[in-house]
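In: fold the following and give me the result.
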Amino acid sequence: MHSLTASLVAAACVPLAVTACAAGSADQPGEDMVVIEIPTRVYVTNNHQLDVRVFAFNESQSIPLGSVSSFTTETFQLPNAILMRGRVRIVADPIGAVTAYLTDVITFGPGQDIEVIVQNNLQLSTYSLR
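Out: Down below sits the predicted model:
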């Protein structure tokens, strides 16, 4: 009796295994598979008296993210070119000033967000991962 039950269970599972294999391999997503990209956002709080322009900078290029008015916070999403590298420097450039705030290289993982707080005295500005 035990071997009959095991044979019936095995026979019932064969079509499921064949269907699962036909859907596509793990390396190549099929039509019914969804690839989820987890965005990394940059939150910039501008405590500077001037509006700032914000850029994402990697080793080879500077990508403008947008601007932040004085005493407000804006959120930007990092572009795919930066996401794929997992490393970025953020530049906050006060409009009309002669100096800008440049973070160290920030290494981030999928879904980690970056917070930048720009102070009126740029040397007191900070960044962190959250």
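
In: going by C-alpha atoms from here, please, whenever you check contacts or count neighbours.
Out: Will do.

In: gap between stretch 69-77 and the chain center?
Out: On the basis of Cα atoms, centre = their mean, to the nearest Å, stretch 69-77 sits 17 Å off its chain's mean C-alpha point.

In: let me see the mean pLDDT of that stretch.
Out: Across stretch 69-77, pLDDT averages out at 97.

In: run through who's touching that stretch.
Out: 39-52, 65-68 (Cα atoms under 8 Å, 6 or more residues apart in numbering).

In: out of the residues you listed, which end up buried?
Out: Those of the contacts of stretch 69-77 that meet the buried threshold are 39-48, 50-52, 65, 67-68, by 16 or more other Cα atoms under 10 Å.

In: and the furthest pair within those?
Out: Pro39 and Leu50 (28.6 Å; Cα to Cα).

In: can you tell me which residues contact the residue nearest in space to the middle of the chain?
Out: The centroid of the chain falls nearest to Thr40 when counting by Cα atoms, centre = their mean (2.2 Å). Residues near Thr40 by Cα under 8 Å, 6+ apart: 77-78, 83, 110-114.

In: ok, and the most crowded of those residues?
Out: Ile114 (23 neighbours; other Cα atoms under 10 Å).

In: gap between that residue and Pro94?
Out: 19 Å (Cα to Cα, to the nearest Å).

In: Arg41 now?
Out: In this view, Arg41 and Pro94 are 21 Å apart by Cα to Cα.

In: ditto for Ala100
Out: Distance, Ala100 to Pro94, by Cα to Cα: 6 Å.
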